[in-house]
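Visitor: build the 3D model from these lines:
(chains A, B, C and D)
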2 protein chains.
Amino acid sequence: MTEKRAKNVTIIEVARLAGVSTATAGRVLGGYGYSSESIRDKVREAAEKLGYRPNLLARGLITGKTQTIGVVAGDMESPFYASVLRGIADVARSRGFGIVVTNSDEILQREREAVQLLTEKQVDGMIVAPSDLQTAQHLREIVAAGCPIVQIDRLVHGLEADAVTVDNVQGAKACIEHVIAAGHRRIGLISELEQFAAGDLKSFIDLEAHGRVDAATLYPSWQRLVGYLQAHREAGIPVELDLVRRVGAYSAEAAKEETLDLLQGNGRPTALFTTDGLMSAGTMDAISELALDLPQDLSIICFDDLEWMRFLRPGISAIAQPLNEMGRTAARLILARINGDTSPFQHQILAPSMRVRGSVAPLKAEGHQGSNRPERRKSAKA
Amino acid sequence: MTEKRAKNVTIIEVARLAGVSTATAGRVLGGYGYSSESIRDKVREAAEKLGYRPNLLARGLITGKTQTIGVVAGDMESPFYASVLRGIADVARSRGFGIVVTNSDEILQREREAVQLLTEKQVDGMIVAPSDLQTAQHLREIVAAGCPIVQIDRLVHGLEADAVTVDNVQGAKACIEHVIAAGHRRIGLISELEQFAAGDLKSFIDLEAHGRVDAATLYPSWQRLVGYLQAHREAGIPVELDLVRRVGAYSAEAAKEETLDLLQGNGRPTALFTTDGLMSAGTMDAISELALDLPQDLSIICFDDLEWMRFLRPGISAIAQPLNEMGRTAARLILARINGDTSPFQHQILAPSMRVRGSVAPLKAEGHQGSNRPERRKSAKA
DNA sequence: TGATACTATGAGAACGTTCGCACAAACAAC
DNA sequence: GTTGTTTGTGCGAACGTTCTCATAGTATCA
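Guide: Residues are numbered from 1 along each chain as shown, chains lettered A, B, ... in the order given. So this is what the prediction gives:
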């Protein structure tokens, strides 16, 4: 009954039935070259009757184009990548392209293997969220081999390729400015800050203070830290090192622990800034466990706008990244390159947007949260 | 400088450099057939030196296998599909397979186009969340053409293919039983219930009451309704039609409206059951807008366990689907078929698990919510 | 000793398309 | 009327692999 290896009908059979050569049948069915109307009808009718479906492998082998985009995401299960992927998929579909997706889990070795697989599958181009922003030898190699790449979310130093990122510095800065405007002076930061290798937090902050940091090829969470620092500097508020919490792992559980430590210790901040969705979840978990009332006991603002922030009373203020747009833009860029665009490489920086809800409250002068520290007095000055 | 179309090194050049035939080089590099150790070394060395990478298109063309799984998801941006996809991707990767993913948005025409594209790309098998559970002609065709399929989340009536689903009836029933055990008798249901065509809600409920409903090939939200009905019947509680809310669209906004209508009308239920993540979000939005306190003013339990249910006080009780596992199982099944497994088609039904948190409270006898209706009196009897 | 494996290699076909070229007819331009 | 350009068609090569088959050496076994 069911044939094990059902032979598909090929262009040869269609050509035979239509009484033309395979070349002619190919021109009709493939939509290239010349063909007369009468023959077109005949061939199409034959194809229809036989149920002909082109074999894209064979076509790809000879044309060198597979109509496929390879995507290396960090983790397609996360809301971030899921939304970006959706954007990519939509644009790809509208142009007749397929996407083959892989997860790197932000591990360099995984990314290498993924890139390797995609290369062997002969994808026409790749969209990659690079794990390693320094060397990225494998990416340079495939670019050199003629496979276009678009980077998303972050930027490999000196890689000749287009990129789409979000303005993390400005986004974070806007958050902190918003909180400062509400009178807060002691603002805690809960951030991943994992991958940066060069030294400790303190030296990074010093470097940044002296304008020695090039934010462009930093990891997003470090860029958001830069925004945090800039906002403080411009408001004339010294940064308290104790308030800057480096979780050191991309884990909600770890973020929760760090937040508990921050909130239960002496000198609790009056406001909190979390630098991505996972940190926010862990932080909210901690706040829930401590049964703190927002925003009376604590103000909070988050990078990444998640679904629940809308209805978790009093509504969590957040800055939203245009994730779908990031995917769509990346897809458009890669498709342009695939179509032979040779214009200079561009780096598109998308603007995030603020969603003000109810989680940032004006700082009460005689509040009972936090301790009586110099910074509290300063708030009266503003 | 940068070559436009960089010719890749082929097996021919490797063979030449190693001083063997292409057939021999192929056997070494492709890992099939016989080859002596001395020649293996020579060939591998040559391949290494030239930076040889196999062209999987060419290999696929001749072997008829692409080492690729096609996936037709509803919307990979939703937490549901994102998690399922991740499960699929993990298993696929571990076996050296790639996945090409598409979104159908649960629209039949989109699904057809997706299946078509995947067919032409010669995927070895497909994992599909079917949109149409009745005819699904396109799926039957490709199965007949010898391309194995695994269905996820739901089941096409009479399709000869493996399937992985969740036990929606039992899951929903467990939720309702849990709520009933807390003393509730008037339990509202917020559910999509969109696609079922045969008649209105009332006639479905009647049909179900007479055992005339085959739950197997129902859409999940209808299966969950069945669980709701069964739990009521077994507890001897009559179903109040007014409490069963058919949102009619897969939209959080619509769910919110429906919930507002339910909670603001006469005879407000004392507990709520939402049948999927999107409904839950819309419902929570409504509850937040009405400023109801959970669980004092209202108990709630949800199908689908979302991240925020953990830390949104008092913690939302929910039933969690094993989504990763669903993807992993589906991937394993399709890989088995691809490897020639011809055992009878199987339908794996995964058990969801209850996460009891704080959103279901015992019903107070003299509560001020709801009206004094017969059902309230019955609660004393139980 | 012969028969029967198993191992090892190469020549050339095959997979299903598109590409390059040759040829011819039709039509336009001078 | 010649020349050129556009249109239409077919033949056979090409894409980069693996497959089939032929050939041959070397163990293994009765």
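Visitor: tell me if I'm right that A:Glu208 and A:Leu229 touch.
Guide: Yes. Between A:Glu208 and A:Leu229 there is a contact under CB atoms under 8 Å: 5.3 Å. (C-beta placed from N, C-alpha, C; glycine too.)
Visitor: for those two, list the residues in contact with both.
Guide: Common neighbours of A:Glu208 and A:Leu229, counting by CB atoms under 8 Å, 6 or more residues apart in numbering or on different chains, are absent.
Visitor: what's stretch A:231-250 in contact with?
Guide: So stretch A:231-250 is contacted by A:106, A:172-173, A:175-177, A:180, A:185-194, A:201-202, A:205, A:209, A:225, A:228-229, A:254-255, A:258-259, A:261-262, A:265, A:267, A:269, A:278-279, A:282, A:375, A:378 (CB under 8 Å, 6+ apart).
Visitor: again with stretch A:272-279
Guide: A:78-80, A:172, A:175-176, A:179, A:187-192, A:220-221, A:224-225, A:228, A:247, A:250-252, A:255, A:259, A:280, A:283, A:298-304, A:306.
Visitor: and that stretch, what's buried?
Guide: For stretch A:272-279, burial by neighbour count (16 or more other CB atoms under 10 Å in any protein chain shown) applies to A:272-279.
Visitor: let me have the residues you listed in JSON lines, extended by distance to DNA strand D.
Guide: Listed next are these as JSON lines, based on distance: CB to the nearest atom of the strand, whole Å:
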{"residue": "A:Leu272", "distance to DNA strand D": "55"}
{"residue": "A:Phe273", "distance to DNA strand D": "51"}
{"residue": "A:Thr274", "distance to DNA strand D": "48"}
{"residue": "A:Thr275", "distance to DNA strand D": "45"}
{"residue": "A:Asp276", "distance to DNA strand D": "41"}
{"residue": "A:Gly277", "distance to DNA strand D": "42"}
{"residue": "A:Leu278", "distance to DNA strand D": "41"}
{"residue": "A:Met279", "distance to DNA strand D": "45"}
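Visitor: could you list which of these belong to helices?
Guide: Of the buried residues of stretch A:272-279, the ones assigned to helices by DSSP state H are A:277-279.
Visitor: could I get those as TSV with pLDDT?
Guide: TSV is the format used below for these (pLDDT from 0 to 100):
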residue	pLDDT
A:Gly277	96
A:Leu278	95
A:Met279	97
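Visitor: gap between the most centrally placed residue in chain A and A:Ala286?
Guide: What sits nearest the mean C-alpha location of chain A, by CA atoms, centre = their mean, is A:Asp153, with 4.3 Å. Per CB to CB, to the nearest Å, A:Asp153 is found 26 Å from A:Ala286.
Visitor: ditto for A:Glu160
Guide: For A:Glu160 relative to A:Ala286 (CB to CB), the value is 43 Å.
Visitor: low-confidence bits of chain A, can you list those?
Guide: A:1-6, A:196-198, A:365-382 (pLDDT under 70).
Visitor: quick one, strands of it?
Guide: Assigned by DSSP state E, the strands in chain A fall at A:68-73, A:98-103, A:125-128, A:149-152, A:162-166, A:187-191, A:244-246, A:271-274, A:299-303, A:317-320, A:347-350, A:353-355.
Visitor: would you mind finding the most buried of those strands?
Guide: Mean neighbour count (mean count of other CB atoms under 10 Å in any protein chain shown) peaks for strand A:271-274 among the strands of chain A, with a mean of 30.
Visitor: check contacts around the residue of the stretch 101-250 of chain A at minimum distance from DNA strand C.
Guide: Residue of the stretch 101-250 of chain A nearest DNA strand C, by CB to the nearest atom of the strand: A:Gln122 (12.9 Å). Going by CB under 8 Å, 6+ apart, A:Gln122 touches A:60, A:64, A:66, A:68, B:55-57.
Visitor: equivalent analysis for A:Leu189, please.
Guide: A:225, A:228, A:243-245, A:272-275.
Visitor: in a markdown table, list the residues you listed along with distance to B:Ile88.
Guide: Formatted as a markdown table, the contacts of A:Leu189 follow (distance: CB to CB, whole Å):
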| residue | distance to B:Ile88 |
| --- | --- |
| A:Leu225 | 36 |
| A:Tyr228 | 38 |
| A:Leu243 | 42 |
| A:Val244 | 39 |
| A:Arg245 | 36 |
| A:Leu272 | 37 |
| A:Phe273 | 36 |
| A:Thr274 | 31 |
| A:Thr275 | 30 |
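Visitor: what's the farthest-apart pair in those residues?
Guide: A:Leu225 and A:Leu272 (14.2 Å; CB to CB).
Visitor: who in the stretch 51-200 of chain A is up against DNA strand C?
Guide: A:52-55, A:58-59, A:61-63 (CB under 7 Å from any atom of the strand).
Visitor: if you rank these by neighbours, which is first?
Guide: Neighbour count (other CB atoms under 10 Å in any protein chain shown) singles out A:Tyr52 as the most crowded of these, with 20 neighbours.
Visitor: ok, that one to B:Ile149 distance?
Guide: For A:Tyr52, the distance to B:Ile149 - CB to CB - is 21 Å.
Visitor: ok, A:Glu253 next?
Guide: Distance from A:Glu253 to B:Ile149, by CB to CB: 38 Å.
Visitor: burial count for A:Pro362?
Guide: 12.
Visitor: return the set of residues that bridge with A:Val71.
Guide: When assigned by DSSP bridges, A:Val71 has beta-bridge partners A:Val101, A:Ile127.
Visitor: so it touches A:Val100, yeah?
Guide: Yes. Between A:Val71 and A:Val100 there is a contact at 7.1 Å, judged by CB under 8 Å.
Visitor: give me the contacts around stretch A:43-60.
Guide: With CB under 8 Å, 6+ apart, stretch A:43-60 has contacts from A:8-11, A:13-15, A:17-18, A:20, A:24-25, A:28-30, A:35, A:66-67, A:122, B:57, B:60-61, B:66, B:116, B:119-122.
Visitor: try it again at 7 Å.
Guide: A:8-9, A:13-14, A:17-18, A:20, A:25, A:28-29, A:66, A:122, B:57, B:60-61, B:66, B:119-122 (CB atoms under 7 Å, 6 or more residues apart in numbering or on different chains).
Visitor: considering only the residues you listed, which also neighbour DNA strand D?
Guide: A:20, B:61.
Visitor: and A:Asn103, how far from A:Asp75?
Guide: 5 Å.
Visitor: what's the burial count for the closest residue to DNA strand C within the stretch 251-382 of chain A?
Guide: Distance from DNA strand C to each residue of the stretch 251-382 of chain A (CB to the nearest atom of the strand) is smallest for A:Gly340, at 13.7 Å. Residue crowding around A:Gly340 was assessed by other CB under 10 Å; the count is 8.
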